[in-house]
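Colleague: What follows is a predicted protein model with its sequence.
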Amino acid sequence: MDALAARLARLVAHPTVAAPDPAATEPTPFEALHRTLAELYPLLHERCELTRVGPHGLLFRWPGSDPDADALVLMAHQDVVPVTGQDWSGDPFEARVVDGKLIGRGVLDDKGMLLVVAEAVEALLAAGFAPRRDVWLLFGDNEEVAGTTAQEAAELLRGRGVRPWLVLDEGGAVVDAGVLPGVGRSAAMVAVADPPSGRSN
């Protein structure tokens, strides 16, 4: 397993299943995931401002050099779909490579996206990159059941006068060959929203 896959496997190891009632969500896996993120991405945690939203959501701000530039918002979520009643050939929270693919609960939805965002920011910080616009990272905690943390974060950003230039979240599905007419191989479905105002908020 290469280093990137090994780091993703460490994120998958935390069974961050959110309950429909936030008060019923077991906090320990989320707290452990936060410690793992702090260990794997020290520059992100040292140089970006962290605000906690919702029960276990993380909202980081990477300040830009131009306070008048609209912000970039990068989103992912920590929570995963429950595994109860599903047929797994092994422990779903012990990621493993099968036929060249990393298998585990949350690899695709959505800890892979979380890893990609954190890896990119960590690498850019290490290289000394300074963004022109503020970059906000929202790692939600209940997207699979309610999405209330994302709503709370949106209200918080709106209250601070943050106007997103672009919001990048997980996309649509990846479909097999033959599902789309005229497409002879697997394809990623990309969802684009353009509100009537021309703004993303």
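Modeller: Perfect, I can see it now.
Colleague: contacts and neighbour counts: CA atoms only from here.
Modeller: Noted.
Colleague: and the residue most central in space within the chain, what are its phi and psi?
Modeller: What sits nearest the mean C-alpha location of the chain, by C-alpha atoms, centre = their mean, is Ala76, with 1.7 Å. Dihedral angles of Ala76 (phi, psi; degrees, to the nearest 10) stand at phi -160, psi 170.
Colleague: in the protein, what spans have low per-residue confidence?
Modeller: For the chain, the stretches with pLDDT under 70 are 1, 194-201.
Colleague: In contact with the residue nearest to the centre of the chain, which residues?
Modeller: Ala76 is in contact with 110-111, 113-114, 138-140, 169-170, counting by C-alpha atoms under 8 Å, 6 or more residues apart in numbering.
Colleague: With Ile103 instead?
Modeller: With contact set as C-alpha under 8 Å, 6+ apart, Ile103 has these partners: 92, 95-97.
Colleague: can you check Leu58 too?
Modeller: Listed by C-alpha under 8 Å, 6+ apart, the contact partners of Leu58 are 50-52, 137-140.
Colleague: quick one: the strands in the chain?
Modeller: Assigned by DSSP state E, the strands in the chain fall at 49-53, 57-62, 71-77, 96-98, 101-103, 135-140, 164-168, 174-175, 187-188.
Colleague: For stretch 113-133, give me every contacting residue.
Modeller: With C-alpha under 8 Å, 6+ apart as the test, stretch 113-133 has contacts from 8, 41-44, 62-72, 74-78, 137, 139, 170.
Colleague: Generate a PyMOL selection restricted to the buried entries among those.
Modeller: Those of the contacts of stretch 113-133 that count as buried under 16 or more other C-alpha atoms under 10 Å are selected in PyMOL with:
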select buried, resi 8+41+43+44+62+63+64+70+71+72+74+75+76+77+78+137+139+170
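Colleague: Before I go, just wanted to say thanks for your time.
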